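Participant: Give me the fold of what follows.
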Amino acid sequence: MTQLIVVDDHTFARAGVTIYCKNHPDINVVGEAGDGETLFHFLSVAPVDMVLLGVNPSNAMDCLRITRCLRRDYPTIKILALANENTAETVNSMMQAGIDGFIGKRQADKVELLAAIQKVMSGEEYVGRIDTFDVYG
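Facilitator: Residues are numbered from 1 along each chain as shown. Prediction:
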C-alpha cells in the first residue's frame, strides 16, 4: 500500500486530492501539509512512499527547493507534482529538479491522478498533458 502525503498551499486542493485517493484500496493518505516546513517535520516522524506536491505560480520557487531537499534527504520517496501551470517550461524545471511525475491540476481528473500515482510508484515517469498556446496575430 502506498503511503502518501498531500502538500499544497491551498486547503481545498489538499482536501480534493485527499478525497480522490481516500477510497482507493492501494493508497493511504497519511497526512497533509500546507508548506515545506510542515512536510519535513512530518517526514521526520512518519514513513511516506510518495509526496503529492502542489505547484502554484506563487510557490514555484519553494516547490523547487522542496523537491531538491527531498531528493537529497529522502531519495527513495517518489514525487508527483500537481501544477496550476502545466506549460513545458514548468514541467521541464520540475523534472530537472527531480520529480518523478507531473499532472496539470486543470486537466487531471480522478482517473488520471490514480493512474499517475500507480505508474510513478512502479518506477515509471509520468507526464500528463502539457499546455500549448497558439498566438493569433
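
Participant: Which residue, other than its chain neighbours, is closest to T90?
Facilitator: A83 (5.6 Å; C-beta to C-beta, 6 or more residues apart in numbering). C-beta here means a position set from N, CA and C on the backbone, and glycine is covered the same way.

Participant: In contact with the one you found, which residues?
Facilitator: Contacts for A83 (C-beta atoms under 8 Å, 6 or more residues apart in numbering) come out as G54, V55, N56, T90, V91, M94, F102, I103, G104, K105.

Participant: okay, now the last one: neighbour count?
Facilitator: When you say that, I think you mean K105. Using other C-beta atoms under 10 Å, K105 has 21 neighbouring residues.

Participant: quick one: contacts for it?
Facilitator: A13, G54, L82, A83, N84, N86.

Participant: Which one of those residues is nearest to H24?
Facilitator: L82 (16.1 Å; C-beta to C-beta).

Participant: beta partners of that closest one?
Facilitator: Beta bridges link L82 to G54, I103, judged by DSSP bridges.

Participant: Compute the number of surrounding residues for it.
Facilitator: Around L82 there are 24 residues (other C-beta under 10 Å).
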